[in-house]
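Novice: Predicted model and sequence follow; I will ask about them next.
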Amino acid sequence: GPHYSRPDNLLLGRNRNESSSKELLLPKENEMGRRILITGASVAGNVAAGVLGRHGFDVTVLERAEEFRDGGQNIDVRGVGREVLRKMELEQAALDQGTGEKGTVWVKQDGQEAARFATDEVEGDGPTAEMEILRGDLARLLYDAAKDHAHYRFGDRIASIDERSDGAHVTLAGGGTERFDAVIVAEGVGSSTRDLIFPGENDPRWMDMTIAYFTIPRHPDDDRMWRWYNAPGKRSVSLRPDRHGTSRAMLCLAQASDGEQDWDGERQKQFLRDRFADAGWETPRILQALDDSDDFYFDVLRQVRMPRWSKGSVALTGDAAWCATPLAGAGATLAVTGAYVLAQELARDASISQAFSSYEQQMRPMVEKAQGIPKLVPRLMHPESRIGIRLLHDVLGIASLGPVRSLAAKLVGAPSEEVDLSRYAALPVRKRR
């Protein structure tokens, strides 16, 4: 069978149209086996591990970071994603660990409000959802629920995968080869395992937007609102609350990539200092905090567009499969839902290829809907001139008025295309390891 390894001795697998003569079947639950390897211990990886573990699979989770990664920015879970957390009995805990964000405010240079969407005045979820939680807090909640049902290994990654008739023989960067019935890649947008197994298949859609996130010291003026400030030159600066006594800063620049995502952190920070030096509002204190930030994240936004999400005994899920970018406002909802659907399909079908195919059939419409965000949207939200900013504020100001407020908020709500979870059995209550 095909063998995938890094970096050069990459043998490509069968042609996409050929089907494997040997159907990969999962051993029945009472047999030894049903061994699954998940790579990536963030939101999607932990959901898959928890669900598969509770269904009695032998699950190993591999994470390249040396220890569990907390930190990260505000994410929200909406609609069907909330339903998944409810089925995993984690919905209330996720609400309890929310950031406490009370809504979204667009501010002018002097800090005066231009438009306000408070969560308690909007029907349903607006820009700020009911479930706003930090990425690290949600991932930690899911990890705590999964770690009794799965083996976790930190500080290692996949070096190569050899597909054989009895499954995937996986060689780890740290040494050693092990056999698994299936491998789930639940990594990020720049997933190296995806690029190893599906070389050249990702056709990214660049969103012409550069974004940086980091945590800064809280200031007495920081309230419970997401404060969004626009500066001329297609720039925005925002501050969001958390429940850790700090504030979360975000700097955005609407421009095409010039390779900045591949620079080292110091060069990226200098780039931001140069580009935001004269931005105004709270920007000086945000830039000042850059030096001491220990969770600096910088990316040039691009969607992952894959023609298929599985090959042999390997499947992709979460951002590695379909990163929709933060602009879609659906990343966490898709990660939670997709990993749950994939795990449930493996639990209900003895054939791995059939489970992978059903998973893709269930998730494609929701993913495509979320990825359909026009590039125009980030451009409209990042005007070039002061006049453009004034116009944006006027439009948002009208949208935030009583009669149209809930309608306007719905435009930024959950993806309208959702998956029907009723086909899946309830999760078995498993004794902890």
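Specialist: Here it is on my side, so go on. Numbers count the residues shown, from 1 in each chain.
Novice: Where in this protein is the helix or strand with the lowest mean pLDDT?
Specialist: Lowest mean confidence among the helices and strands of the chain (mean pLDDT, DSSP states H and E): strand 3-5, at a mean of 55.
Novice: Which strands border the helix or strand that that one is followed by, and is each parallel or antiparallel?
Specialist: As assigned by DSSP states H and E, the chain's next helix or strand after strand 3-5 is strand 35-39. Each strand paired with strand 35-39, and its direction, by DSSP bridges: strand 58-63 (parallel), strand 182-185 (parallel).
Novice: centre of the chain versus strand 35-39, how much separation?
Specialist: Distance of strand 35-39 from the chain centroid (C-alpha atoms, centre = their mean, to the nearest Å) equals 19 Å.
Novice: Give the next helix or strand downstream of it.
Specialist: Beyond strand 35-39 toward the C-terminal end (DSSP H and E), the next one is helix 43-54.
Novice: now the stretch 301-433 of the chain, which segments are flagged as low pLDDT?
Specialist: Applying pLDDT under 70 to the stretch 301-433 of the chain flags residues 404-416, 430-433.
Novice: ranges for the strands of it?
Specialist: Along the stretch 301-433 of the chain, counting by DSSP state E, counting those that start in this stretch, strands occupy 310-311, 314-316.
Novice: Residue 293 is nearest to which of these?
Specialist: strand 314-316 (30.5 Å; C-beta to C-beta). For every residue, glycine as well, the C-beta is placed using N, CA and C.
Novice: packing partners for that closest one?
Specialist: Judged by 3 or more C-beta pairs under 8 Å, 6 or more residues apart in numbering; DSSP states H and E, the packing partners of strand 314-316 are strand 182-185.
Novice: hmm, who's touching the strand it packs on?
Specialist: Contact with strand 182-185 is made by 24, 26, 36-40, 45, 48, 158, 161, 167-168, 170, 191, 193-194, 197, 313-317, 320-321, 339, 342, 346, 352, as judged by C-beta atoms under 8 Å, 6 or more residues apart in numbering.
Novice: what's the answer for stretch 121-137, then?
Specialist: Contact with stretch 121-137 is made by 42-43, 69-78, 82, 94-95, 97-104, 117, 119, 226, 242-244, 248, 332, 402, 405-406, 408-410, 412-414, as judged by C-beta under 8 Å, 6+ apart.
Novice: what's the answer for stretch 254-266, then?
Specialist: With contact meaning C-beta under 8 Å, 6+ apart, stretch 254-266 is reached by 206, 208-210, 234-235, 268, 271, 296, 298-300, 302, 378-379, 381-382.
Novice: Would you show me how to pick out the buried ones of those residues in PyMOL?
Specialist: Under the burial definition 16 or more other C-beta atoms under 10 Å, those of the contacts of stretch 254-266 that qualify are selected in PyMOL by:
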select buried, resi 208+209+210+234+235+268+271+296+298+299+300+302+378+381+382
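Novice: Thought residue 102 was touching residue 227, still the case?
Specialist: No: counting by C-beta atoms under 8 Å, residue 227 does not reach residue 102; the two are 11.2 Å apart.
Novice: out of the contacts of stretch 254-266, which are inside strands?
Specialist: Judged by DSSP state E, the contacts of stretch 254-266 include 206, 208, 209, 210, 235, 298, 299, 300, 302 as members of strands.
Novice: Could I have the buried ones of the contacts of strand 182-185 as PyMOL selection syntax?
Specialist: Burial among the contacts of strand 182-185 is assessed by 16+ other C-beta under 10 Å; the matching PyMOL selection reads:
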select buried, resi 24+26+36+37+38+39+40+45+48+158+161+167+168+170+191+193+194+197+313+314+315+316+317+320+321+339+342+346+352
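Novice: Angles on the backbone of residue 227, please.
Specialist: Here is the backbone geometry of residue 227 (degrees, to the nearest 10): phi -100, psi 120.
Novice: How about the contacts made by it?
Specialist: 105, 107, 238, 239, 240, 282.
Novice: again, only this time at 7 Å
Specialist: 105, 107, 238, 239 (C-beta atoms under 7 Å, 6 or more residues apart in numbering).
Novice: separation between it and residue 240?
Specialist: 8 Å (C-beta to C-beta, to the nearest Å).
Novice: do the same with residue 359
Specialist: When distance is defined by C-beta to C-beta, residue 359 is 33 Å away from residue 240.
Novice: do the same with residue 312
Specialist: Residue 312 sits 42 Å away from residue 240, going by C-beta to C-beta.
Novice: next one: residue 65
Specialist: Taking C-beta to C-beta, one finds residue 65 at 24 Å from residue 240.
Novice: Look at those two and report which has more neighbours.
Specialist: residue 240 (23 against 13; other C-beta atoms under 10 Å).
Novice: Just the pLDDT for that one.
Specialist: For residue 240, the pLDDT comes out at 94.
Novice: residues contacting it?
Specialist: With C-beta under 7 Å, 6+ apart, residue 240 has these contacts: 74, 99, 101, 226, 247, 248.
Novice: How about the residue sitting nearest the centre point of the chain, nearest residue that isn't a chain neighbour?
Specialist: Central residue of the chain (C-alpha atoms, centre = their mean): residue 331, 4.4 Å from the mean position. Distances taken as C-beta to C-beta, 6 or more residues apart in numbering place residue 324 nearest to residue 331, at 5.9 Å, with adjacent residues excluded.
Novice: ok, the closest residue to residue 145 other than its chain neighbours to residue 192 distance?
Specialist: Excluding its sequence neighbours, the residue lying closest to residue 145 (C-beta to C-beta, 6+ apart) is residue 50, at 5.1 Å. Plainly put, residue 50 is 24 Å away from residue 192 if you go by C-beta to C-beta.
Novice: higher neighbour count, the two?
Specialist: A count of neighbours by other C-beta under 10 Å puts residue 50 above the other of residue 50 and residue 192, at 27 against 17.
Novice: Need the strands of the stretch 301-433 of the chain in CSV (columns: distance to residue 287).
Specialist: Putting the strands of the stretch 301-433 of the chain into CSV (distance: least, C-beta to C-beta, whole Å) gives the following:
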stretch, distance to residue 287
strand 310-311, 44
strand 314-316, 37
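Novice: mind checking which of those strands is nearest residue 366?
Specialist: Between these, strand 314-316 lies closest to residue 366; by C-beta to C-beta that is 15.3 Å.
Novice: quick one: strands adjacent to that closest one?
Specialist: Take DSSP bridges as the rule and strand 314-316 pairs in its sheet with strand 182-185 (parallel), strand 310-311 (antiparallel).
Novice: Report the angle between the helix or strand hosting residue 145 and strand 35-39.
Specialist: Secondary structure assigned from DSSP H and E places residue 145 in helix 135-146. Interaxial angle of helix 135-146 relative to strand 35-39 (axes from the mean of the first three to the mean of the last three C-alpha atoms, to 10 degrees): 170 degrees.
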